[in-house]
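Participant: based on what follows, work out the 3D shape:
(chains A and B)
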Amino acid sequence: MAQSRGDRAVEWMIYAALVLVSVVVLYPVFFVGIASISNPENVMRGEVWLWPKNISLVGYERLFANSELMKGYGNTLLYTVAGTMLNLVMTIAAAYPLSRPDFSGRTIFTILIVFTMFFSGGMIPTYLLIKDLGMLDTFWVMIIPSALSVWNMLIMKTFFQNSIPKEIQEAAFMDGCSNMKVLTRIVLPLSGPVLAVMVLFYAVGHWNSYFNALIYLSDRDKYPLQLFLREILVQGQMQEMVDISDDSLARSMMDAEAIKYAAVIITNLPMLILYPFLQKYFIKGVMIGAVKG
Amino acid sequence: MKQTTSVNEQARGSRVSGSRAKKHRFHSFRRNWDLYLLFSPVIIYFVVFHYVPMYGVQIAFKDFIANKGITGSPWVGFKHFERFFDSFYFWRIMKNTLGIGLYELIVGFPIPILLALMIHEIRSGKFRRFVQTVTYMPHFLSTVVMVGMIMMFLSPVSGLINLAITALGGETISFMTEPGWFKSIFVWSGVWQTMGWSSIIYLAALAGVDPQLHDAAKVDGATRLERIWHVNIPGIAPTMVLLLILNVGSIMGVGFEKVFLMQNALNMEASDVIATNVYRSGILGAQYSYSAAVGLFNSVINFILLLTVNRIARKVSSSSLW
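Facilitator: Residues are numbered from 1 along each chain as shown, chains lettered A, B, ... in the order given. Model (predicted):
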């Protein structure tokens, strides 16, 4: 069907608007990228716009020379791996029984679990609990209080209900399989996509979180990357990294900016590299959730 | 939630007839004991980390004394609530919390819908995928990085925005220390970060709109804009209502993480919200009872808001959360 002139105008406007939106979203990230590998002096003078100028890696050098930050990177890696594994086990342990129609009590359990999404004791009672449990300043506080996300659990439950044929499970029961065997031999092997989504959602969550660490950790040796990043990016504390020599004030200020740009890139590097490949899984996850409504 | 119950009923019907439900329940427990075993850590987790804090919230009505514990501390009624309502900060905090929430609702609710409607109109697969990839990406930046980037770009000394302003002959603006700028920076950077991701749910809804409706509208001579307006928007209306409920319900729930990072002594007047106030007086100041009362006040309001909006939605339209 031929398009009328008005329709074509609308189409062009939509294209133009979306190009504009894409540029607005992409440019800041792109800028941080080129600024991080340019000479800080040129960046300061506003000479870096579209292309890096006088390639310099001073920001990265300073970052890698900082042992605390590297330690934070390691800590975050540990929290992310351990936390995600626990998340996965807990989410399956919650979602599978709740997905089974013959699991009696599942309605009340679901209500009690979903209720926690809308009402909580709040920051202070939770803090006192963590304190009473003796979990302050421990490795565990970074993974156990966030062992399960209700939202993710609902996504997985929906997947189990809608995407695993009931007939297969019933047939397995006929053949004398136990619940556990059905879960591990039939349901989980068929759940590849949703498991991938869960790993990604949880891992990104751990990688990016700073709240629990801020509240419950005071030992710098246990700090995750995001807390050090906060010191660098938000509080501008990086004396150790900048004041290493008799550099002038202007010079150290410029280095400080370079360190910030490099820090953003380093933190997001795993994500920026993996993102284009993983994108379809992320969207799949949201879609599964969206079907549920 | 509606679907949950209907699926539940259907499924139960397929396995047992209703009359033997009670006997069945016992059987189910015996046959599915291993499911309960699997589920038990989940129960423990929710009891310990979600319901114990709800029980602990009673310290809001007590004078918490550490060595007497939560249960042993003496009751004081609404003392802490009264102190909060009478405090100098009360109106400031309420104004900021509500102000940010409303601003976020007004800007943050329609933009993802608009974006989804536009993306849906794009037929070229490559361009569509490009726009989606780009706009979803900021969702994965951490709050720390996000705020760090805001501060870099808005810095009065080296920020790109101020460099542009001075290049155009304007005066440098110190955005982060100017209370008047706080809410706009907070809300619009949030739009930048989340509009793409929030549009996914609408795109899913749009994919479900019956193409026959479009064909019929075309036959009737509807223009493209008319089809968007009369076919697509009604098609995603239920989704819009659901998200509106959730958005309105969280109007007083301005999160801690981003505000806290963007806050400084100079913009406090515009940036102090309930959550940051609880953190300051509770975690830093160790006034546990007082800050628990402030937090509880906030949770209760949020919950009431959500219930109210949900009820209104159920009355005026067919979609609601439950």
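Participant: isn't B:T177 up against B:L266?
Facilitator: Yes. Between B:T177 and B:L266 there is a contact at 3.9 Å, judged by C-beta atoms under 8 Å. C-beta here means a position set from N, CA and C on the backbone, and glycine is covered the same way.
Participant: run a quick neighbour tally on A:F103.
Facilitator: 20 (other C-beta atoms under 10 Å in any protein chain shown).
Participant: same check on A:N66?
Facilitator: A:N66, neighbours per other C-beta under 10 Å, totals 18.
Participant: need the pLDDT of it.
Facilitator: A:N66 is assigned a predicted lDDT (pLDDT) of 83.
Participant: tell me how far it lies from A:V58.
Facilitator: A:N66 sits 13 Å away from A:V58, taking C-beta to C-beta, to the nearest Å as the criterion.
Participant: now swap in B:D34 and tell me
Facilitator: From B:D34 to A:V58 the distance is 59 Å (C-beta to C-beta).
Participant: okay, these two: which has more neighbours?
Facilitator: Set side by side, B:D34 and A:V58 show more neighbours around A:V58, with 17 against 14, by other C-beta under 10 Å.
Participant: residue contacts, that one?
Facilitator: A:40, A:255, A:258 (C-beta atoms under 8 Å, 6 or more residues apart in numbering or on different chains).
Participant: secondary structure element for the last one?
Facilitator: Using DSSP states H and E, A:A258 falls within helix A:249-292.
Participant: now that helix: how far from the chain's centre is it?
Facilitator: 9 Å (C-alpha atoms, centre = their mean, to the nearest Å).
Participant: do the same with stretch B:57-77
Facilitator: 31 Å.
Participant: any part of that stretch near chain A?
Facilitator: Yes. Applying C-beta under 8 Å from any C-beta of the partner chain, one finds stretch B:57-77 in contact with chain A at B:57, B:59, B:64, B:70.
Participant: and these, which is closest to chain A?
Facilitator: B:V57 (4.6 Å; C-beta to the nearest C-beta).
Participant: for that closest one, which non-adjacent residue is spatially closest?
Facilitator: A:G121 (4.6 Å; C-beta to C-beta, 6 or more residues apart in numbering or on different chains).
Participant: grab the nearest non-local neighbour of the residue most central in space within chain B.
Facilitator: Computing the C-alpha centroid of chain B and ranking residues by C-alpha atoms, centre = their mean puts B:S250 first, at 5.4 Å. Nearest non-adjacent residue to B:S250, counting by C-beta to C-beta, 6+ apart: B:N302, 6.7 Å away.
Participant: by neighbours, which of the contacts of A:V58 wins?
Facilitator: When the contacts of A:V58 are compared by neighbour count (other C-beta under 10 Å), A:A258 ends up highest, at 27 neighbours.
Participant: for that residue, give its distance to chain B.
Facilitator: According to C-beta to the nearest C-beta, to the nearest Å, A:A258 stands 10 Å off from chain B.
Participant: low-scoring stretches of the chain, by residue?
Facilitator: In the absence of a named chain, this looks at chain A. Counting by pLDDT under 70, the ranges of chain A that qualify are A:1-3, A:238-250, A:285-293.
Participant: looking at chain B here, not the other one
Facilitator: When residues are selected by pLDDT under 70, those of chain B lie in B:1-28, B:322.
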